[in-house]
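> Show me how the following folds:
(one chain, ligands or ions: 1)
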Amino acid sequence: EDVDPVVPKSDVARMRKIVINSLYSHQEIFIRELVSNANDAIEKLRLTALTDKSVWDGNPLNITIKTVKDEDGKGGHIIISDTGIGMSPEELATNLGTLAKSGTSDFLARAESQDGTGNGNLIGAFGLGFYSSFLVADHVTVASIPPKTSQNPEPIQHIFSSAADDTTFEIFPDPRGNILGRGTEITLYLKKDALEYLEEAKIQELVNKHSSYSSSFPIYLYTTRTEEVPEEDVEEPVPETLKEPTTASEAKHSEASDTPVEKDEDEATIEDVEGDEDKKPEEPAAPKMKSITVNEWSQLNAQPPLWTRDPKNVTDEEYSLFYNAFFKDFTKPLAWHHFSGDSGSGVSFKAILYLPAKLAEEYWQQPLSYLSTDIKLMVKRVFITSDLGENGLPKWASWARVVIDADDLPLNVSRETLQSNRFLKQLKGVIIKRLIQLFSKIAEEDQDKFKEIQETYGSIFKLGAVEDIKNREKLASLARFSTTQRNDTSFDQYIENKKKGQKQIFYLAEIGKKPEDLAQSIFVEKLHARGYEVFLMTEPLDEILLGHLRQWKNMPFQDVAKAGLKFGDEELDPEEEKAQQKVLEEKYKPLIDWLKVEAKDTVRDVKISNRLVRSPCAIVAEVGGYTANVQKMMSASNAKGNRGGILHDYAMKAKVLEINPRSPLIEGLLRRVEDLPVEEDEKDVEAEDELREVASILIDGALVRSGFEVSDSNSFFSRVDRVLRRSLGVSETAPTDTTVKPAPPVDPELPTEEEQQMPYFNDEEDDGKAKVIVPDHLKEDVSIEMEEIDDDGNVVEHDEL
Ligand SMILES: Nc1ncnc2c1ncn2[C@@H]1O[C@H](COP(=O)(O)OP(=O)(O)OP(=O)(O)O)[C@@H](O)[C@H]1O
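Predicted coordinates:
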């Protein structure tokens, strides 16, 4: 078959190289990956059969594993078969012979930049799938046949054959014929260092560890044991004793009696054998005994699915392993909640809800178009769909991983009828309620855990509170912020700490700043000095959230960079306060009047400040005006459409210059303004210009201190330069020599081939490992050694690969 690979073969080669060389210590995952593929294939068959009955005749759906040792004892192979959807020869080529998966090159790049030990989580995150075969096998064959359909009434079983050390594969009709009936059979010819996987006990251990939850279909292992039986019984052929096929072609003929697919009685015989043992003591005088070999298929995943079990009897490790296998995420989940209930429409269900340790990168890139795929809806233990369509979770929760198993839904529901089902409509509400309960419970009961939760889900609570009106209050109360006094503070905790008379919740927002830097802002200096707590909001969602909330427990949020700030104790002594204010206003009237003219392009008013302690002045946004943060967001989102409008112009200029009457700088400026001669004929133009320059620097400085940008930073710095010259006693008008050496003439020649190929770096020693490149001139002074350290800072020892 000549099928064009979708991705360059070199990628397949790279993938194999990585798999073989660097993921060596994770050899055993091959079984988990192949069982999981088999399970998916069966699931696909069952789902296809819902709409096209011809693809499934009702034969058992299962996975079988068989180990076969070579007669010479030097090698062997493992056969993993499933009765799933199978593959056509074209599918064999594209699915197994190429890497068509999105993100593959990303994976390759990341894997190659790490050494072997760092790759464990990478495999987990990515799922190595079929390629994990090459961890243990140097030659792999896959026999597969798709189901009969009307388009393909006579499918032919094909073999995909490949070896680990070359990049090619072959696909050819199976010389054994259509022996599988339906499904896929993978044969792994084990490498010398992987022969331990020929032991039944090893396979049993691995399936129990990694895969007992990854398949809802039975997984059988072909087992061999010896049994003592009375000699006379041996004469008759023991029906459950199976003939071991030694070669592929022999398998063809014995397969029919070899797999439980065809012979359901095999399962029954297991119990029979055990029953016999019980009876033995009652048998009369022991006859002559003889050892015989009994081969049988024994089920490895016989226990009921985890979610149907009583939570009291399920260990944390089991929850974790189930999560790994079921959702194919091999990191430990942060928390889970196992519950059962009644939807109210009469459908009872059992469910487990998991919080993943990390949210997918795609989620944060585009939370609003992220589609939830991890609500696995089962009906009577059988998977139905993970596509809830319009009944899916709201965006803020679309990362949730849930298995939910309904008892009373009709089993053969199609997706369309499902969508209109009442139960499904209620599902969203049930899951969201439990999700919030889980978060709230952790917040109350386990501070350390909740800290961990905040790292991954801190922004989720804010997003949720914005998106989900119904649950806004509950979600917002889970949000935590830094304040001028502490970290991780909730709105409720803030209110408990409010001061007598305080009627506003104070906050200051600036996206992207560190809270500790924001705490230095002039807008919080007085509040902080007086002991008032101020929220320091640094995330994009913070101000949006406050905009939606407007108030918390009847206390409005007050941006401390905006007009309207009230400490709340002003009224405690209104007369004195007013008298003081009046004295100051009178004293500073000349300066204020003068500044109103000087600052008219920047602000609409000049006032005496009640919010400054050390700083001479600040620019405060009026109620309808833009704060620095809003102005920044607008320039970041490039909201050109809004610019130039009357409202925009108003909001831009709706600012007040506030001066600090206790600042010596302001007092000095007042004195100089008062000293200016007023009579027309006495005017000192030079002194006035100088003062104007100082005022202009002060106003621009106030803008910058208040987080705004200076509209023309060039002229700002020219003015600063002039003031500097003055203070240094340098002539203000002395010109700088501005002559420069011009560039050589135009040269249209292109760089030569050779020059183009000159590397930027000398990568002679590039061994593909991460390293620090030391510039040549520093090589003598610097030597760098690298160690890998774990989270606790301990050096990680590497096994030699
Ligand atoms: N046993 C099987 N039966 C039918 N198709 C299979 C089987 N194993 C693999 N495939 C097909 O080959 C494709 C590639 O398999 P592979 O294991 O490499 O990746 P995957 O299963 O898609 O992803 P991952 O393993 O990362 O979840 C699968 O998507 C599936 O279409």
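> and the residue in the stretch 51-200 of the chain that the ligand sits nearest to, how far is that from I29?
In the stretch 51-200 of the chain, the residue that lies nearest the ligand is G129 (2.2 Å; Cβ to the nearest ligand atom). For the C-beta atoms, the positions are set from N, CA and C on the backbone; glycine is no exception. G129 sits 10 Å away from I29, going by Cβ to Cβ, to the nearest Å.
> now swap in L724 and tell me
For L724, the distance to I29 - Cβ to Cβ - is 67 Å.
> ok, those two, which is more surrounded?
I29 (20 against 12; other Cβ atoms under 10 Å).
> before we move on, the earlier item: hang on, the residue of the stretch 51-200 of the chain closest to the ligand packs against D40?
No - under the criterion of Cβ atoms under 8 Å, G129 makes no contact with D40, lying 9.8 Å away.
> Can you name every helix or strand that the helix or strand where D721 lies contacts?
Applying DSSP states H and E as the criterion places D721 in helix 713-728. For helix 713-728, the elements it packs on are helix 685-705, judged by 3 or more Cβ pairs under 8 Å, 6 or more residues apart in numbering; DSSP states H and E.
> Could you check the angle the helix it packs on makes with helix 713-728?
120 degrees (axes from the mean of the first three to the mean of the last three Cα atoms, to 10 degrees).
> Checking the residue located most distally from the centre of the chain next. Helix, strand or coil?
Among the C-alpha atoms of the chain, the one most distant from their mean position (Cα atoms, centre = their mean) is that of D681, at 73.8 Å. Assigned with DSSP: H, G, I helix; E, B strand; the rest coil, D681 falls in the helix class.
> and T226, what does it touch?
S291, I292, T293, V294 (Cβ atoms under 8 Å, 6 or more residues apart in numbering).
> any bit of the helix or strand harbouring it sitting next to the ligand?
Assigned by DSSP H and E, T226 falls within strand 219-230. No - using Cβ under 6 Å from any ligand atom, strand 219-230 stays clear of the ligand, coming no nearer than 13.0 Å.
> And the average pLDDT for that strand is what?
For strand 219-230, mean pLDDT rounds to 89.
> Walk me through which strands it pairs with, and which way each runs.
Partner strands for strand 219-230, per DSSP bridges, with pairing direction: strand 63-69 (parallel), strand 289-299 (antiparallel).
> Identify the residues contacting L371.
Contacts of L371 by Cβ under 8 Å, 6+ apart are G392, S398.
> Tell me the secondary structure at it.
Per three-state DSSP, L371 ends up coil.
> So which residues of the stretch 451-600 of the chain form helices?
472-476, 491-496, 515-518, 525-530, 540-549, 574-598 (DSSP state H, counting those that start in this stretch).
> Check the stretch 301-450 of the chain too.
Counting by DSSP H, counting those that start in this stretch, the helices of the stretch 301-450 of the chain are 316-327, 361-365, 415-419, 422-445, 447-467.
> how about the ones you listed, which one is nearest A302?
A302 lies closest to helix 316-327 among the helices of the stretch 301-450 of the chain, at 15.0 Å (Cβ to Cβ).
> and that closest one, which residues are buried?
The neighbour-count check on helix 316-327 (16 or more other Cβ atoms under 10 Å) flags Y319, S320, L321, F322, Y323, N324, A325, F326, F327 as buried.
> Next, count neighbours for M378.
Residues near M378, counting by other Cβ under 10 Å: 21.
> who's it bridged to?
Going by DSSP bridges, M378 forms beta bridges with F383, D405.
> That one and D407 touch, don't they?
No - counting by Cβ under 8 Å, M378 does not reach D407; the two are 10.1 Å apart.
> how close does S144 sit to D737?
81 Å.
> of these two, who's got more company?
Neighbours were counted for S144 and for D737 using other Cβ under 10 Å; S144 has more, 30 against 5.
> which outside residues touch the host helix or strand of the more buried one?
Taking DSSP H and E as the criterion, S144 maps to strand 137-145. For strand 137-145, contacts defined as Cβ under 8 Å, 6+ apart pick out 30, 77, 86-87, 91-92, 96, 133-134, 155-165, 174, 176, 178-191, 194.
> Tell me the residues on the stretch 251-400 of the chain that lie near the ligand, please.
So far as Cβ under 6 Å from any ligand atom goes, the stretch 251-400 of the chain lies against the ligand at K328.
> List the residue ranges of the stretch 251-400 of the chain that fall below the pLDDT cut-off.
251-286, 343-345 (pLDDT under 70).
> OK, contacts around E228?
M289, K290, S291.
> Pick the one among these closest to the ligand.
So of these, ranked by how close each gets to the ligand (Cβ to the nearest ligand atom), first place is S291, at 37.1 Å.
> surely that closest one meets E227?
Yes - using Cβ under 8 Å, S291 is in contact with E227, at 7.1 Å.
> does the ligand sit close to the helix or strand hosting S162?
Using DSSP H and E, S162 maps to strand 158-163. No - counting by Cβ under 6 Å from any ligand atom, the ligand has no neighbours in strand 158-163; the shortest distance is 10.1 Å.
> tell me the angle of that strand relative to strand 137-145?
170 degrees.
> how much space between Y220 and G58?
Distance from Y220 to G58, by Cβ to Cβ: 19 Å.
> which other residues reach stretch 73-81?
Against stretch 73-81 from outside (Cβ under 8 Å, 6+ apart): 31, 34-35, 38, 63-70, 136-137, 180, 183-190, 192, 195, 197-198, 203, 259.
> Among these, the buried ones, what's the PyMOL command?
Only the buried members of the contacts of stretch 73-81 end up in this PyMOL selection, burial being decided by 16+ other Cβ under 10 Å:
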select buried, resi 31+34+35+38+63+64+65+66+67+68+69+136+137+180+183+184+185+186+187+188+189+190+195+197+198+203+259
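> No more questions from me, cheers.
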